[in-house]
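Peer 1: turn this into a structure:
(one chain, ligands or ions: 1)
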Amino acid sequence: MNPRDEQHPTAATALISARGLKKSYGRTEALRGASLDLRPGEILAVTGASGSGKSTLLHCLAGIVRPDAGSVAYGGERLDQAAETRLSALRRGDFGVVFQFGQLIPELTALDNVALPLLLSGTGRRPAEHQAGEWLERFGVRGQADLRPGEMSGGQGQRVALARALVTGPRAVFADEPTGALDSLAGEQVMTALVHAARESATAILLITHDAQIAAYADREVWLRDGAVHAGSDDAAGQEAVRHEG
Ligand SMILES: Nc1ncnc2c1ncn2[C@@H]1O[C@H](COP(=O)(O)OP(=O)(O)OP(=O)(O)O)[C@@H](O)[C@H]1O
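Peer 2: Take a look at the predicted model:
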């Protein structure tokens with residue numbers, strides 16, 4: 001089945017709304033007025049050439065990096081102005097993050113890696129391990145629960161990383177090339193598991209990818225060029241974002 005066929009309703013109101021984001025690193029202008037809406041429950045692919053600002057945009061939306069200018073609103077709350085303590089609370093509860101190389105804690109088993117965000121938010125060990133086991137099951141890696149990251153394949157590790165990102169029931173997951181280190185079969189399997197889990201829990205996914213086959217899993221696709229967001233051809237909200245920049 002074409003992954004785009006699995007449609008779902010999108011709400012008119014954005015979950016996260018970024019307007020006119022600018023961010024420079026020294027003389028490098030990574031973002032030059034990027035605007036984007038992530039709608040509740042949608043899977044949005046962000047593509048673009050290397051160095052076009054994709055990771056920087058993701059970091060600004062997730063409250064990891066503060067933009068130099070512009071705004072990021074999450075349900076009306078301005079993340080670009082929020083205190084660090086508030087941003088880390090959001091990253092622990094409302095947002096999940098997955099990177100290209102999972103970034104699991106090497107000393108912990110798969111189960112403990114997934115249980116950790118729950119333990120950090122005050123869930124008791126037993127319920128945390130129970131929920132972690134359920135999420136490993138959902139991603140098809142329950143059999144690897146007692147393995148450490150070094151003992152798993154890349155695809156298994158990424159499934160564990162996704163389980164860890166989703167275990168707290170986040171409203172949004174930010175995935176930066178989550179299949180970038182996998183072969184195409186493992187990548188497709190990871191994406192199928194991610195899309196399924198996101199649909200079930202109505203979690204919005206911001207997915208950065210270079211790969212058109214991976215982007216095809218998204219409901220909507222935008223591309224970045226020179227630090228600004230450009231809409232896909234069928235994307236009215238994105239067109240708005242482009243106008244907004246002008
Ligand atoms: N922490 C940093 N320090 C200095 N320069 C940075 C930093 N992060 C990003 N940059 C620069 O900002 C620009 C945009 O980088 P970014 O990682 O956002 O792009 P990208 O589209 O995600 O690239 P890639 O696809 O290669 O990962 C690049 O020129 C990059 O070198």
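Peer 1: residues in contact with whichever helix in the chain runs longest?
Peer 2: Secondary structure of the chain per DSSP state H: the longest helix is helix 184-201. When contacts are defined by CB atoms under 8 Å, 6 or more residues apart in numbering, helix 184-201 is touched by residues 3, 6, 8, 41, 43, 138-140, 153-155, 158-159, 162, 166, 169, 173, 175, 178-179, 182, 203-205, 211, 213-214, 217. Every C-beta, even on glycine, is put in place using the N, C-alpha and C of the backbone.
Peer 1: can you map out the helices along this protein?
Peer 2: Defined through DSSP H, the helices belonging to the chain, from first to last, are 54-61, 84-93, 110-120, 125-138, 154-166, 184-201, 212-215, 236-245.
Peer 1: now the fourth one: how far from the chain's centre is it?
Peer 2: Average the C-alpha atoms of helix 125-138, do the same for its chain, and the two points are 21 Å apart (CA atoms, centre = their mean, to the nearest Å).
Peer 1: mind listing what's buried along that helix?
Peer 2: Residues of helix 125-138 classed as buried: 128, 129, 131, 132, 133, 135, 136, 138 (neighbour count, 16 or more other CB atoms under 10 Å).
Peer 1: one more: the second one?
Peer 2: Judged by neighbour count (16+ other CB under 10 Å), helix 84-93 contains these buried residues: 87, 90, 91, 92.
Peer 1: so what's the second one closest to, chain neighbours aside?
Peer 2: Closest residue in space to residue 90, ignoring its immediate chain neighbours: residue 63 at 5.7 Å, by CB to CB, 6 or more residues apart in numbering.
Peer 1: wait, doesn't the one you found sit right on residue 95?
Peer 2: Yes. At 7.1 Å, residue 63 counts as touching residue 95 under the criterion of CB atoms under 8 Å.
Peer 1: which of the two has more neighbours?
Peer 2: Per other CB atoms under 10 Å, whichever of residue 63 and residue 95 has more neighbours is residue 95, with 26 against 23.
Peer 1: now do the contacts for the more buried one.
Peer 2: Shown in contact with residue 95 (CB under 8 Å, 6+ apart): 62, 63, 170, 171, 172, 173, 174.
Peer 1: select from those residues the one having the most neighbours.
Peer 2: Using other CB under 10 Å as the contact criterion, the top neighbour count among the contacts of residue 95 goes to residue 174, which has 29 neighbours.
Peer 1: against residue 57, how distant is that one?
Peer 2: When distances are taken as CB to CB, to the nearest Å, residue 174 and residue 57 turn out to be 10 Å apart.
Peer 1: same question, residue 163
Peer 2: 25 Å.
Peer 1: then residue 198?
Peer 2: As judged by CB to CB, residue 198 and residue 57 stand 19 Å apart.
Peer 1: more neighbours: the two, which one.
Peer 2: Just comparing residue 198 and residue 57: by other CB under 10 Å the higher neighbour count belongs to residue 57, 31 against 23.
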